[in-house]
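Asker: Quick one, fold the following:
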Amino acid sequence: MLRKKAILLILGAFFLLVGLQAQENTWKTLAKITYTKQYDELMGFKVDVPVFSEDVKAMEGEEIIIRGYIIPVEGYKSHKEFIFSAFPYSMCFFCGGAGPETVMEVFASEKVEYTAEQIALKGKLELNATDINRLMYILNDAELVDPAGTK
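Answerer: Numbers count the residues shown, from 1 in each chain. Have a look, this model is predicted:
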């Protein structure tokens, strides 16, 4: 009986570790993009348009868990609508040298309190390659999950 419990405990820890590793790899998967230049009528010049890899396209519409940082950006209405980054504020796309594939717009189902610490969110991923006024990644119906992503 004790041996059976030990095996179940080990299996549970293994699946928790695999789940955490999958969360960490989400940003790596989202980085699998290239760009193409296309003329934008409204802007009057060529802009970079993201070309999503098959791995990224497979995530569209799926519920994902992703770890990152809330970026305080003026113009976002509340803590239900904010920018989320793979990196802390000082290193993010807007302030540091990271690329646009490291940030996403978040639309949460409930208010998420601001913190400078890393958090985990769960929500449905939307891809955007057409609206240059929006980020290329959008997380809809997002909710805060515990650090292990088990909520």
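Asker: ok so residue 101 is a strand residue?
Answerer: No - inclusion of residue 101 in a strand is not indicated when DSSP: H, G, I helix; E, B strand; the rest coil is applied; the result is helix.
Asker: Can you tell me, leaving aside adjacent residues, what's nearest to it?
Answerer: What sits nearest to residue 101 in space, not counting adjacent residues and going by CB to CB, 6 or more residues apart in numbering, is residue 31, at 4.9 Å. Using the backbone N, CA and C atoms, a C-beta is placed for each residue, glycine as well.
Asker: Which residues are in contact with the one you found?
Answerer: Counting by CB atoms under 8 Å, 6 or more residues apart in numbering, residue 31 makes contact with 99, 101-102.
Asker: Columns neighbour count, distance to residue 36 and pLDDT on top of these, output as CSV?
Answerer: Converted to CSV, these look like this (neighbours: other CB atoms under 10 Å; distance: CB to CB, whole Å; pLDDT from 0 to 100):
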residue, neighbour count, distance to residue 36, pLDDT
99, 11, 15, 87
101, 22, 15, 92
102, 19, 20, 94
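Asker: could you dump whichever strand or helix holds residue 120 to PDB, C-alpha only?
Answerer: Secondary structure assigned from DSSP states H and E places residue 120 in strand 119-127. Below are the C-alpha coordinates for strand 119-127, written out as PDB (Å, rounded to 0.1, in the frame of the first residue of the first chain):
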ATOM      1  CA  ILE A 119       2.200  35.400 -12.400                       C
ATOM      2  CA  ALA A 120       0.500  32.700 -14.400                       C
ATOM      3  CA  LEU A 121      -2.600  33.300 -16.600                       C
ATOM      4  CA  LYS A 122      -4.900  30.900 -18.300                       C
ATOM      5  CA  GLY A 123      -7.000  31.900 -21.300                       C
ATOM      6  CA  LYS A 124      -7.800  31.400 -25.000                       C
ATOM      7  CA  LEU A 125      -5.100  32.500 -27.500                       C
ATOM      8  CA  GLU A 126      -6.000  34.700 -30.400                       C
ATOM      9  CA  LEU A 127      -3.600  35.500 -33.200                       C
END
